[in-house]
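>>> A structural model of the following input is requested.
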Amino acid sequence: MKAIVYEEYGSPDVLRFAEFEEPHAGPGQVRIRVRAAAVNPVDHKIRGGWVPFLGPSSFPAVPGIEAAGVVDEVGEGVTGVSVGDDVLGWTETGAYAPYALLNSFAAKPAGLDWETAAALPVASETASEVLDLLGLAEGETLLLHGAAGAVGSLAVQLAVARGVTVVGTASPGNHDHLRALGALPVAYGEGLADQVRAVAPQGVDAVFDAAGSGDLPVLIELRGTTDRIVTIADPQAAEHGVTFHAGGTHPAGTLAEHARLAAEGRLRIRVAESRPLADAVQVHERSEAGHVPGKLILVP
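Numbering: from 1, shown residues only. Reported below is the predicted structural model:
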């Protein structure tokens, strides 16, 4: 099969469209014919060698950790799914390819388009796990830094559904989007602390940093302590005594529920752009530049 591969760590230019051995489902796995693969910030961090503990065990490797597609092989011991079923989930062999192996997945509802399905697993898992880590309760106030991105937007909706007041930071162009999701928007940058205090004079009970823009000192100041602050994006977390969450539990049951809510229009995730698989270099360049209003999708 022809897939996007890389044979060394480096810039987006290490990605190339080349022949790669087709994977086949082993015990506990299903193989899908990929209909859409999502691009995540962690993809370019892995490709660049910034997080070697998450990198491939050998080269060449196929990037990508989430995809949606049609099951065409079912491995030994897998139940509840058949060839021809539509699913979404986390890949074990890379997503930027015509075929991928999954061992944690959920059925794709008929009303959910392929691009949105591919965009859900990582963002929904991360958002729900961080909200659980923060122990948010009805009536509390959450400061969500980087609220307009894929993870942030889902976290806003999930927190609001719990009865939490969400103060979301984003660029002014995304404020209407955040209001539509139920958040109180404030702008990034200078004066952030004063803006947050203006809309939440009672203070904030927890902080979710999805931006990783070096603002942890301000976020700690607003919280008044390092307790109940979680970042998914700032590598300096430990230096500030803040919890860093990298995800990785892949709860298929939670994903199935989020997919159902998305198909019903009750959980929204923005797809910023969908491009052919061969455009992976350009898509990684855009992802690495940051401030993408939603998920980037590659289609084989």
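>>> in three-state terms, label Ser297 for me.
To be clear, residue 297 is Ile; Ser isn't right here. strand (DSSP: H, G, I helix; E, B strand; the rest coil).
>>> kindly apply the preceding question to Ala119 instead.
helix.
>>> and the nearest residue to it once chain neighbours are set aside, what does it touch?
Spatial nearest neighbour of Ala119, excluding adjacent residues (C-beta to C-beta, 6 or more residues apart in numbering): Lys295 at 3.8 Å. Glycine gets a C-beta too; all of them are placed from N, C-alpha and C. When contacts are counted by C-beta atoms under 8 Å, 6 or more residues apart in numbering, Lys295 touches 38-40, 115, 118-119, 123, 150, 269-272.
>>> give me the contacts around stretch 186-205.
The set of residues external to stretch 186-205 that reach it, using C-beta under 8 Å, 6+ apart, is 136, 140-143, 165, 167-172, 175, 184, 211, 213, 215, 218, 221-224, 228.
>>> mind saving the C-alpha coords of it as CSV?
Listed next in CSV are the C-alpha coordinates belonging to stretch 186-205 (Å, rounded to 0.1, in the frame of the first residue of the first chain):
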residue,chain,number,x,y,z
VAL,A,186,-11.7,36.2,27.3
ALA,A,187,-8.7,37.1,25.1
TYR,A,188,-5.2,35.7,25.3
GLY,A,189,-2.2,37.8,26.0
GLU,A,190,-1.5,40.9,28.1
GLY,A,191,-4.1,41.6,30.8
LEU,A,192,-5.3,37.9,30.9
ALA,A,193,-5.5,37.8,34.7
ASP,A,194,-7.6,41.0,34.8
GLN,A,195,-9.9,39.8,32.1
VAL,A,196,-10.5,36.5,33.9
ARG,A,197,-11.1,38.3,37.3
ALA,A,198,-13.6,40.6,35.5
VAL,A,199,-15.8,37.7,34.4
ALA,A,200,-15.2,35.4,37.4
PRO,A,201,-14.8,37.7,40.4
GLN,A,202,-15.5,34.7,42.7
GLY,A,203,-12.3,33.1,41.4
VAL,A,204,-11.7,29.8,39.6
ASP,A,205,-12.0,26.4,41.2
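>>> element containing the residue nearest to Asp13 when sequence neighbours are not counted, please.
Once flanking residues are discounted, Asp13 sits nearest to Val281: 6.4 Å by C-beta to C-beta, 6+ apart. With the criterion set as DSSP states H and E, the secondary-structure element containing Val281 is helix 280-289.
>>> which other helices and strands does that helix contact?
Counting contacts by 3 or more C-beta pairs under 8 Å, 6 or more residues apart in numbering; DSSP states H and E, the secondary-structure elements packed against helix 280-289 are strand 30-39, helix 41-47, strand 271-276, strand 295-299.
>>> what residues sit buried inside the third one?
Neighbour counts using 16 or more other C-beta atoms under 10 Å place 271-274 of strand 271-276 among the buried residues.
>>> over to the last one?
Within strand 295-299, the residues that qualify as buried are 295-298, counting by 16+ other C-beta under 10 Å.
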